[in-house]
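**Student:** Give the three-dimensional model of this entry:
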Amino acid sequence: MTVQDIRAFNRFYTNVIGALDYSRRLYAPYTLTESRVLYELAHAPRTDAADLRTELSLDAGYLSRILNKFEEDGLVERTPSKRDPRRRRVTLTARGRETAALLAERADESVGALLATVPSADRPRLSEALRTVREILSDGRAPRREDVVLRTPSPGDLGWIVQRNAALYASEFGWNADYEGLVARIVADFAEDHDPHLERVWIAEHDGRPVGCVMCVRDDAPATARLRLLLVEPDTRGLGIGDRLVRAVIDFARGVGYRELVLWTNDVLASARRIYQRHGFVLVGERAHRSFGKDLNGQDWRLDLHGTPG
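**Tutor:** Prediction:
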């Protein structure tokens, strides 16, 4: 392996993905760097300008010009950071979220078209090769919060939600197949009939694999959304993934006009309950029940989106 080997691969790969071919209009009217800043704002756990600058290794003046442009275009808002008033917190507006989603959709379509040229039998080998490159060049470092991204589901992810919920809750709490049936119905209902403007699924991804999920769906009550199926893989707990997933649901629900966000859980799920409490959810009701092969205490939680700060 030589420097020239890596440079040759870089040239090959940038050509393959069309990173330099703006005729594809993947990022128009934004540059690749501007699109990456939008991506970080949509997915990163910290959105202070200083954190963006560090994460992307950008010159302070260059990043400032990008954010000025975004502000003029109505994509972002800048306010004093809650952590440090000397810093500036950068958040996407509704228009900014739509723009970031559009760019992500274009990128997904481009990569999907590329993947379509790869025979099915070769895809596991390609996936393993990409994972190997990441592992070797990351020098075996432990997972970091910033290594986790939130994204929309890809083909197969909805099935993963069912499988992992069933397996984890059976392993950790001894729940039977009744719970898998419940999750399967929730996911199937979403897949068959959902409003993409008012309902959404997030997948947390680390090192190319899904490690968490959550759903936001319409509730029967007017102007009310329901948070469902929050899950984080055990080996990535402690990275703030659960908090980010819940925050994503809250921001989305508030952004599209819901007034309340509700959820149902059981008191044995202590870690999840602590996350809900941190984000302002209030316990509004409890009821003992027999489900999933266990005697449980169900809980209803509620968050007033209109009366809580953003």
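
**Student:** Which helix or strand lies directly C-terminal to the helix or strand hosting residue 272?
**Tutor:** Taking DSSP states H and E as the criterion, residue 272 maps to helix 270-278. Next helix or strand after helix 270-278 toward the C-terminus (DSSP H and E): strand 282-291.

**Student:** angle of the helix holding residue 272 against strand 282-291?
**Tutor:** Going by axes from the mean of the first three to the mean of the last three C-alpha atoms, to 10 degrees, helix 270-278 is angled at 160 degrees with respect to strand 282-291.

**Student:** show me where pLDDT drops low in the stretch 201-310 of the chain?
**Tutor:** 307-310 (pLDDT under 70).

**Student:** let's see it at 50
**Tutor:** The stretch 201-310 of the chain contains residues with pLDDT under 50 at 310.

**Student:** For it, just list every one of the helices.
**Tutor:** Using DSSP state H, counting those that start in this stretch, the helices assigned to the stretch 201-310 of the chain run over residues 241-255, 270-278.

**Student:** who touches the first one?
**Tutor:** Think helix 241-255. 45, 94, 97, 148, 150, 200, 202, 204, 211-216, 225, 227, 230, 232, 261, 271-272, 275-276, 278-279, 303, 305, 310 (C-beta atoms under 8 Å, 6 or more residues apart in numbering). Just so you know, the C-beta spots here come from the backbone N, C-alpha and C atoms, and that holds for glycine as well.

**Student:** which of the helices of the stretch 201-310 of the chain is buried the deepest?
**Tutor:** helix 241-255 (a mean of 21; mean count of other C-beta atoms under 10 Å).

**Student:** okay, that helix in CSV with CA atoms only?
**Tutor:** This file holds the C-alpha atoms of helix 241-255, laid out as CSV (Å, rounded to 0.1, in the frame of the first residue of the first chain):
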residue,chain,number,x,y,z
ILE,A,241,-28.8,8.0,20.8
GLY,A,242,-32.1,7.7,22.7
ASP,A,243,-32.0,11.5,23.5
ARG,A,244,-31.3,12.3,19.8
LEU,A,245,-34.1,10.1,18.6
VAL,A,246,-36.6,11.6,21.0
ARG,A,247,-35.5,15.1,20.2
ALA,A,248,-35.9,14.4,16.5
VAL,A,249,-39.5,13.4,17.1
ILE,A,250,-40.2,16.5,19.2
ASP,A,251,-38.6,18.9,16.7
PHE,A,252,-40.5,17.2,13.8
ALA,A,253,-43.8,17.1,15.6
ARG,A,254,-43.6,20.8,16.6
GLY,A,255,-42.3,21.8,13.2
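
**Student:** I'd like to know how many residues surround the nearest residue to residue 227 once chain neighbours are set aside.
**Tutor:** Spatial nearest neighbour of residue 227, chain neighbours left out: residue 263 (4.3 Å); criterion: C-beta to C-beta, 6 or more residues apart in numbering. By other C-beta atoms under 10 Å, 22 other residues sit near residue 263.
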